[in-house]
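need a structure here:
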Amino acid sequence: MPLDINLPDVLAEVQAVFARYEAALVGNQREVLDELFWNSPHTLRYGFSENHYGHADIAAFRASLPQQSPPRELLRTVITTYGRDFATANVEFRREGSPSGSRQIGRQSQTWLRTPEGWRVVAAHVSLLD
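Residues are numbered from 1 along each chain as shown. Modelled structure (predicted):
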């Protein structure tokens, strides 16, 4: 059975919700970030130095931070949709203020699922690569 990869209308939806997520991340809009993570105990997020299981744990972690994320430059973004209800978003980034010759690159991956409430992140990972 062939998969419908990157159907134009679905890809546009996920690109838009990803852009909303990115703006909320660098704009410290916790309520939007909490909204865009699936409100389920099955949701998970692996961070730089921590692991979170379930929406409540992820939201509590975000609430404990003085700010969400320093500004960053997206170096590469790859969004792929699979059918009409599943997508991945993968990003390489460099934090603003890092020297342009810095070899430390950040990586972020997200798995998105279409839910009755709209597109939601069901799994995420962020790490730094030296």
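
hey, let's count contacts and neighbours off CA atoms from now on
Noted.

any chance you could map the strands in the chain?
Secondary structure of the chain by DSSP state E: the strands cover 44-46, 51-53, 72-82, 86-95, 105-115, 118-129.

what are the buried residues along the last one?
Along strand 118-129, these residues count as buried under the neighbour rule (16 or more other Cα atoms under 10 Å): 119-126.

report how many residues lie close to the nearest residue to residue 52 once chain neighbours are set aside.
Of all residues not flanking residue 52 in the chain, residue 45 sits nearest, at 5.2 Å (Cα to Cα, 6 or more residues apart in numbering). Per other Cα atoms under 10 Å, the neighbour tally for residue 45 reads 22.

offset the numbering so it begins at 888, please.
Fine by me, first position is 888 from now on; the one you just mentioned is residue 932.

hang on, residue 932 packs against residue 938?
Yes: contact criterion Cα atoms under 8 Å: residue 932 and residue 938 qualify, at 6.1 Å.

give me the distance between residue 1017 and residue 917.
Distance of residue 1017 to residue 917, computed by Cα to Cα, to the nearest Å: 28 Å.

neighbour count for these two, which is higher?
residue 917 (17 against 8).

go ahead and flag the most central residue of this protein.
residue 997 (4.7 Å; Cα atoms, centre = their mean).

for it, what are its contacts?
Shown in contact with residue 997 (Cα atoms under 8 Å, 6 or more residues apart in numbering): 975-977, 1008-1012.

which residue is the nearest non-sequential neighbour of it?
Nearest one to residue 997, counting by Cα to Cα, 6+ apart, is residue 1011 at 4.4 Å.

pLDDT below threshold where in the chain?
Along the chain, the model assigns pLDDT under 70 to residues 888, 955, 984-990.
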